[in-house]
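Undergrad: Could you look at this predicted model? Sequence included:
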Amino acid sequence: MLLAVVVHAADTQDRDGAKLVLAALVGRFPRLVKLWADGGYAGALVGWTKDLGGWVLEIVRRSDDVRGFAVLPKRWIVERTFAWLGRSRRLSKDYEGLPETSEAWIRIAMIHLMLKRLAP
């Protein structure tokens, strides 16, 4: 289930973009307790997330012992969702001029996916 969407310019650092997404969640999902992120989001964002919404931000790190491809916990869910979104014609490439339009098409694609899962 999609909780929030924020599309921003490519020159925005991922951790700053994460703050925009997290700010969009404040007050909307009172039962939300834990969030997962990959190693690129480690650092001050963990404490900031706790202060902002009281959420625990768990960083899923890749093991140093593993060589090559390895399935990381929870990460496959995100990658699967991106693959599903990529099958949408409007999201296969960046056709949109405004971030708001891209956000709308992501929401439409996720609604379509959720409806297909509810009533196949």
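TA: Nice, I can see it.
Undergrad: Can you show me the helices along the protein?
TA: 14-25, 44-53, 75-86, 99-118 (DSSP state H).
Undergrad: Kindly calculate the angle that the shortest one makes with helix 14-25.
TA: Same thing as helix 44-53. Computed by axes from the mean of the first three to the mean of the last three Cα atoms, to 10 degrees, the angle separating helix 44-53 from helix 14-25 equals 10 degrees.
Undergrad: Could you number the chain from 844 rather than 1 from now on?
TA: Okay, residue one is now 844; in that scheme the one you just asked about reads as helix 887-896.
Undergrad: Mind giving me the packing neighbours of helix 887-896?
TA: Under the contact criterion of 3 or more Cβ pairs under 8 Å, 6 or more residues apart in numbering; DSSP states H and E, helix 887-896 touches helix 857-868, strand 899-903. C-beta here means a position set from N, CA and C on the backbone, and glycine is covered the same way.
Undergrad: Give me the local confidence score for Arg918.
TA: Residue-level confidence at Arg918 comes out at 81, pLDDT.
Undergrad: I'd say it and Asp881 touch.
TA: Yes: distance between Arg918 and Asp881: 6.4 Å, which falls inside the contact criterion (Cβ atoms under 8 Å).
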